[in-house]
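Engineer: no sequence for this one, just the structure:
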């Protein structure tokens, strides 16, 4: 089973306007509410691709209940820790001539032990996906604690900076920095594909089994556990939004692995899923992913 972790999930309230007047009254022509959070995005796309997962993390209040309801309505299993105080956050995205985001804080989590107990019993047949930054109040070594507790499971980590470096000793199955984040790990800007490949290989040497680097409009590159370098140009299409594209890349890669296919197939499936989400106003559907897969 695949378990995704979102420590600070949200309801994303997206409002579409013809223009934004700061300090004035603005009319919204359309709006929608979606579940938000990197781990939740991975579970959502996995479900679209026919792969089962369980979404873990923390929820609180009426907004937390709505997050659970929306995921259940979509067909995703959840096993969140329900906090007895506060409320899960509501993030507002204003889409006009430009996009503006208003991201709220989440509830104080306190002890992680109720969450850790859900990891007991995970085996090598299970995969746990850790994605995103940590909310305020959690120890900076939280991801490291999770990998130590879930040491028997296959681990995927999509985070940045010291939090990523600290987990390399646990030999995560997959890490997914983008090319900017990869450069920051090595204290320099990466301008060429050769520089990106060199840094990806170095992260493999530090412990990661597979290093999947997203490069926005330039596609993706992966230093695989088989010692090979995989490269893929971005499929052609109109980008409608980047939110969730990286999470979809992870979901597509895992779906390819779950199908028992080769690393190359999993890599291509990841690129197809990430690109399909970038070309859509919402997260990629199965039909959209497979339509792109045939072009890669």
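Structural biologist: On my side now, so go ahead. Quick caveat, the model's predicted, so the values are computed rather than measured.

Engineer: can you list the weak-confidence ranges in the protein?
Structural biologist: Along the chain, no part satisfies pLDDT under 70.

Engineer: and the residue nearest the centre of it, what does it touch?
Structural biologist: Centroid check for the chain by Cα atoms, centre = their mean gives residue 247 as the closest residue, at 3.2 Å. Neighbouring residues of residue 247 by Cβ atoms under 8 Å, 6 or more residues apart in numbering: 38, 39, 41, 42, 45, 131, 158, 277, 283. No exception for glycine: its C-beta is placed from N, CA and C like everyone else's.

Engineer: Wait, a helix at it?
Structural biologist: Yes. Remark: residue 247 belongs to a helix, assigned using DSSP: H, G, I helix; E, B strand; the rest coil.

Engineer: So for it, what's the nearest residue that isn't a sequence neighbour?
Structural biologist: The shortest distance from residue 247 to any residue other than its chain neighbours is 3.6 Å, reached at residue 41 (Cβ to Cβ, 6 or more residues apart in numbering).

Engineer: three-state assignment of the one you found?
Structural biologist: When classified by three-state DSSP, residue 41 comes out as helix.

Engineer: And the helices in the stretch 101-250 of the chain?
Structural biologist: With DSSP state H, counting those that start in this stretch, the ranges of helices along the stretch 101-250 of the chain come out as 113-117, 142-149, 161-165, 179-185, 193-205, 245-258.

Engineer: of those helices, which approaches residue 34 most closely?
Structural biologist: Minimum separation from residue 34 across the helices of the stretch 101-250 of the chain (Cβ to Cβ) falls at helix 245-258, 12.7 Å.

Engineer: need the contact list for residue 233.
Structural biologist: By Cβ under 8 Å, 6+ apart, the neighbours of residue 233 are 218, 219.

Engineer: Residue 83 reaches residue 63, doesn't it?
Structural biologist: No. Residue 83 lies out of contact with residue 63 (Cβ atoms under 8 Å); the separation is 11.4 Å.

Engineer: Point out the most buried one among the helices of the stretch 101-250 of the chain.
Structural biologist: Highest mean neighbour count of the helices of the stretch 101-250 of the chain: helix 245-258, a mean of 27 (counted as mean count of other Cβ atoms under 10 Å).

Engineer: ok, then the element right after it?
Structural biologist: helix 263-278 (DSSP states H and E).

Engineer: That next one - contacts with which helices or strands?
Structural biologist: Packed against helix 263-278 by the contact rule (3 or more Cβ pairs under 8 Å, 6 or more residues apart in numbering; DSSP states H and E) you find strand 210-214, strand 220-223, strand 229-232, helix 245-258, helix 286-293.

Engineer: Find the nearest non-adjacent residue to residue 1, please.
Structural biologist: Nearest non-adjacent residue to residue 1, counting by Cβ to Cβ, 6+ apart: residue 126, 5.3 Å away.

Engineer: now swap in residue 252 and tell me
Structural biologist: residue 273 (2.8 Å).

Engineer: what's the spacing between the one you found and residue 126?
Structural biologist: Residue 273 is 21 Å from residue 126, where distance means Cβ to Cβ, to the nearest Å.

Engineer: Just the buried positions in stretch 48-64, please.
Structural biologist: 48-49, 51, 53-61, 63-64 (16 or more other Cβ atoms under 10 Å).
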